[in-house]
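Peer 1: heads up, no residue letters with this:
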């Protein structure tokens with residue numbers, strides 16, 4: 001059983017609904033840390049956001065409240081869309097798609113010297129630094145990672161205060177020393193780039209989410225000329241969701 005864990009405030013409830021509707025079947029557990037509308041409450045356990053960590057946006061605290069359920073827990077952003085079920089099998093390693101580009105920091109300040117990987121788009125060296133859109137965690141590691149995140153969120157804030165990517169930096173530190181495995185970009189494909197991939201499992205709606213915020217805007221969006229192959233796949237999936245929403 002796959003357990004999806006999402007941090008969602010009222011601003012992203014519609015995106016969270018689209019994500020749940022895009023899942024290939026109902027055989028999953030869903031926890032939303034934050035708030036939930038009627039649809040989300042029917043499909044997810046809603047838990048309140050914990051007290052805010054010092055000097056951080058409120059929802060960052062939710063990263064440290066991940067509880068193990070099912071067999072595998074997958075930390076997901078609300079702005080993900082599952083496009084296909086072909087070979088969509090979650091790994092038993094701690095895994096994720098390497099972040100798209102450099103956070104423009106000195107890794108040595110975070111006591112990281114080994115840069116054994118490369119960013120997914122930019123292709124510059126990095127440690128196992130994954131985009132937080134999707135992180136797969138076997139349940140035997142969930143509580144340890146959650147506890148580490150609480151510590152490292154504060155630690156990163158002290159070294160790089162107000163850095164936009166400090167939750168990803170904290171996750172990078174939390175995964176140090178644990179068994180990890182990078183996933184191909186097809187598992188978390190960003191729509192910010194002019195990409196026309198042959199196969200995409202999950203799209204990251206970094207661009208689309210600013211256009212789609214209601215059923216009416218969604219109806220308009222799916223009729224727009226598609227910019228590239230990835231946008232066409234996203235539009236086709238959203239058309240399917242529109243047809244099957246009832």
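Peer 2: It's in. Worth saying up front: this structure is predicted, and the values here are computed from it rather than measured.
Peer 1: where does residue 56 sit relative to residue 153, distance-wise?
Peer 2: Separation of residue 56 from residue 153 (Cβ to Cβ, to the nearest Å): 7 Å. From N, CA and C alone the C-beta is placed, and that goes for glycine too.
Peer 1: for residue 207, same thing?
Peer 2: 27 Å.
Peer 1: between the two, who's got more neighbours?
Peer 2: residue 153 (23 against 16; other Cβ atoms under 10 Å).
Peer 1: Give me the nearest residue to the more buried one, chain neighbours excluded.
Peer 2: Excluding the flanking residues, the one nearest residue 153 by Cβ to Cβ, 6 or more residues apart in numbering is residue 170, at 4.6 Å.
Peer 1: Next up, the contacts around the one you found.
Peer 2: Residues near residue 170 by Cβ atoms under 8 Å, 6 or more residues apart in numbering: 63, 149, 152, 153, 155, 156.
Peer 1: Using CSV, please lay out these together with distance to residue 230, secondary structure and pLDDT.
Peer 2: Below are the contacts of residue 170 laid out as CSV (distance: Cβ to Cβ, whole Å; DSSP: H, G, I helix; E, B strand; the rest coil; pLDDT from 0 to 100):
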residue, distance to residue 230, secondary structure, pLDDT
63, 28, helix, 87
149, 30, helix, 91
152, 32, helix, 93
153, 32, helix, 90
155, 36, helix, 93
156, 31, helix, 94
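Peer 1: now the residues you listed as CSV including distance to residue 178?
Peer 2: Shown next, in CSV, are these (distance: Cβ to Cβ, whole Å):
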residue, distance to residue 178
63, 16
149, 12
152, 13
153, 17
155, 17
156, 18
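Peer 1: Would you check which pair of those residues lies furthest apart?
Peer 2: Maximum pairwise distance in the contacts of residue 170, criterion Cβ to Cβ, is 13.2 Å, between 63 and 155.
Peer 1: The two: who's more crowded?
Peer 2: residue 63 (25 against 17).
Peer 1: Nearest residue to that one in space, please, no chain neighbours.
Peer 2: The nearest residue in space to residue 63 (Cβ to Cβ, 6+ apart) is residue 149, at 4.9 Å.
Peer 1: I'd like to check which residues are in contact with residue 114.
Peer 2: Neighbours of residue 114 in contact, by Cβ under 8 Å, 6+ apart: residue 127.
Peer 1: Give me the phi and psi angles of it.
Peer 2: phi -90, psi 120 (degrees, to the nearest 10).
Peer 1: ditto for residue 171
Peer 2: Dihedral angles for residue 171 - degrees, to the nearest 10 - are phi -60, psi -40.
Peer 1: On the three-state scheme, the nearest residue to it once chain neighbours are set aside is what?
Peer 2: Leaving aside its sequence neighbours, residue 171 sits nearest to residue 132 (Cβ to Cβ, 6+ apart; 6.1 Å). Assigned state for residue 132: strand (three-state reduction, DSSP: H, G, I helix; E, B strand; the rest coil).
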